[in-house]
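Got a sequence here, can you model it:
(one chain, ligands or ions: 3)
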Amino acid sequence: MFSQYSKTLLVKSSKLSSPKLFTIARPLSTSQVLRARSKDATIPNTSIKVFREITALRQWRHKQMLDYRSVGLVPTMGALHEGHLSLIRMAAKENSSVVVSIYVNPTQFGVHEDLDSYPKTWEKDAEMLRNLDRELAADGGNLGKIAAIFAPTTNEMYPSGRPSQEINGKGSFITITPVGEVLEGASRPTFFRGVATVCMKLFNIVTPEKVYFGQKDVQQTVVIKRMVKDFCMDTQVVVGETRREPDGLALSSRNVYLGTRRRSVATVLSKVLRTAETAYVRGKRSRDELLGPANELARLLMMEQQQLKPEERVQFEMDYVSLADPETMQEVDEVDDTKGGILSGAVKMLPVESPQSGEDLGLANGPPVRLIDNIILKPVTK
Ligand SMILES: Nc1ncnc2c1ncn2[C@@H]1O[C@H](COP(=O)(O)OP(=O)(O)OP(=O)(O)O)[C@@H](O)[C@H]1O
Ligand SMILES: CC(C)(CO)[C@@H](O)C(=O)[O-]
Ligand code: BAL
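Ligands and ions are numbered 1, 2, ... in the order given. Below is the predicted model:
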């Protein structure tokens, strides 16, 4: 724990021969402690500040405002990858100071979900941010740089105590319905309540001019846009495109759970969605014409796996394949050319059968992994 006494005084006191001098150490006020900490904490060899308390971050934020520096926020749960970095790059182009939040928010995880095993890679994250900081400094096309990481504790984020993760749990929540109830919200009933609640907190703490979210979590972007609109929040939501592996798999912090065998089949969802997109590009508009061939491909890929030996195959379950309205996420029977649509899906990759000795099963021994992906069908102007 951080001491309530100043570092300097503690160092001195530990070297003291006279106990009398020890009594000179005075408790610092909370704001002095926070100021001391915010001054000290940076990612080594960078000027990127690391804030763990709201008060210190707010002091820093206030200074940005006085200096007419715009602030962009990139909310993350850490375990950074190129998808996160692409959002930070966007934010650095458009803002003087970029804040990256790293916080694994418990309230968006269902009670039986992977909160405990969620990857935490602070050292690697710091290294990636250090490298990106250098890259941004060398690129003259940016307005700003990564100025701060906000990595709060749960006590800090939930000052009245962490609310229950149960569906009927009590607490101070933001709920955005009906858009947060369908698709991901139907499979994970407390997910968007947790996301909207933590994002409301982050936006209140950082007061960013702009916030950056990835299209990979498309329904999340729709929920956040709706929250900003309906709560009259003074920030602009910017969405960055989905970054993918060369074979089409959307980058995701959860991919590390897959292991080699499941990784080779994990492209099933992107292939299924591409099939529907191809039909759209060819002029098809009805639900059956778009989702029919996509669902058929999912069935064939599943059968292909089932015909393999247990020690070779990968079993998966398609949770949903959706064709939805881009503003409401409600299912549509026909794509309206003036609005376009959103193709999205979720697949559950089941743990491998008959694991072989020495087989790479992935993080936490390869639990079930739920992957999501989507494609935006752009409006067509005639
Ligand atoms: N492949 C990606 N391309 C672009 N943005 C992404 C990608 N993956 C995640 N993001 C965005 O990064 C932000 C932080 O996401 P998060 O930390 O949950 O990472 P994640 O990879 O989505 O993790 P998870 O596996 O838990 O879904 C979100 O706005 C998310 O949409
Ligand atoms: C937006 C977010 C950081 C809120 O915890 C999370 O849902 C995520 O990483 O997508
Ligand atoms: N990227 C979304 C965070 C989650 O699945 O919990």
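
how many other residues sit next to residue 114?
The local packing of residue 114 (other CB atoms under 10 Å) involves 17 other residues. All C-beta atoms are positioned from the backbone trio N, CA, C, and that covers glycine.

Next one: it, what pLDDT does it get?
pLDDT, residue 114: 95.

Please, which helix or strand holds the residue of the stretch 1-150 of the chain found nearest ligand 1?
Nearest residue of the stretch 1-150 of the chain to ligand 1: residue 83, at 2.5 Å (CB to the nearest ligand atom). Element membership for residue 83, per DSSP states H and E: helix 82-94.

picking up where we left off before, what does the pLDDT read for the residue of the stretch 1-150 of the chain closest to ligand 1?
At residue 83, the model reports a pLDDT of 98.

The nearest residue to residue 226 once chain neighbours are set aside: how many residues sit nearby?
Excluding the flanking residues, the one nearest residue 226 by CB to CB, 6 or more residues apart in numbering is residue 176, at 5.2 Å. Applying other CB under 10 Å, we find 21 other residues in the vicinity of residue 176.

ok, now residue 258?
The tally of other residues near residue 258 (other CB under 10 Å) stands at 24.

And for residue 229?
Residue 229, neighbours per other CB under 10 Å, totals 11.

quick one: it and ligand 3, what's the gap?
With the distance defined as CB to the nearest ligand atom, to the nearest Å, residue 229 ends up 21 Å from ligand 3.

got the contact list for that residue?
With contact set as CB atoms under 8 Å, 6 or more residues apart in numbering, residue 229 has no partners.

quick one, phi/psi of it?
For residue 229, the backbone dihedrals (degrees, to the nearest 10) come out as phi -70, psi -50.

before we move on, what about residue 71?
phi -120, psi 130.

How about residue 377?
phi -90, psi 110.

and it, bridged to which residues?
residue 341 (DSSP bridges).

Tell me which stretches of the stretch 201-350 of the chain form strands.
210-214, 236-240, 316-324, 341-349 (DSSP state E, counting those that start in this stretch).

same check, this time on the stretch 51-200 of the chain
Using DSSP E, counting those that start in this stretch, the strands found in the stretch 51-200 of the chain span residues 71-76, 97-102, 145-150.

For the closest residue in space to residue 295 that isn't next to it in sequence, give me its contacts.
Distances taken as CB to CB, 6+ apart place residue 321 nearest to residue 295, at 6.1 Å, with adjacent residues excluded. Residues counted as contacts of residue 321 (CB under 8 Å, 6+ apart) are 272, 273, 276, 291, 294, 295, 298, 343, 344, 345.

tell me which residues form a beta bridge with residue 321?
Beta-bridge pairing of residue 321 under DSSP bridges involves residue 345.

Residue 238 now?
In this entry, residue 238 is beta-bridged to residue 212, by DSSP bridges.

roughly how far apart are it and residue 244?
19 Å (CB to CB, to the nearest Å).

buried stuff in stretch 350-359?
By neighbour count on 16 or more other CB atoms under 10 Å, the buried set for stretch 350-359 is 351, 352, 355.

Test my guess that the last one contacts residue 361.
Put plainly, it is residue 355. Yes: Residue 355 lies in contact with residue 361 (CB atoms under 8 Å); the separation is 5.8 Å.

Show residues contacting stretch 289-300.
268, 271-273, 275-276, 279-280, 284, 318, 321, 323, 335, 343.

if we go to 10 Å?
Under the contact criterion CB atoms under 10 Å, 6 or more residues apart in numbering, stretch 289-300 has outside partners 268-269, 271-280, 282-284, 286, 288, 316-318, 321-323, 331-332, 334-335, 341, 343, 345, 347, 377.

Any of those residues buried? List them.
If we count by 16+ other CB under 10 Å, the contacts of stretch 289-300 have these buried: 268-269, 271-277, 279-280, 284, 316, 318, 321-323, 332, 335, 341, 343, 345, 347, 377.

Kindly state the pLDDT recorded for residue 140?
Residue 140 is assigned a pLDDT of 89 by the prediction.

number of nearby residues for it?
5.

any idea how far it is from residue 93?
Taken as CB to CB, the span from residue 140 to residue 93 is 11 Å.

same thing with residue 272?
For residue 272, the distance to residue 93 - CB to CB - is 33 Å.

what does residue 139 give?
9 Å.

in the stretch 101-250 of the chain, what residue is nearest ligand 3?
The stretch 101-250 of the chain approaches ligand 3 most closely through residue 217 (4.6 Å), counting by CB to the nearest ligand atom.

Identify the spatial nearest neighbour of that residue, chain neighbours not counted.
Nearest one to residue 217, counting by CB to CB, 6+ apart, is residue 372 at 7.0 Å.
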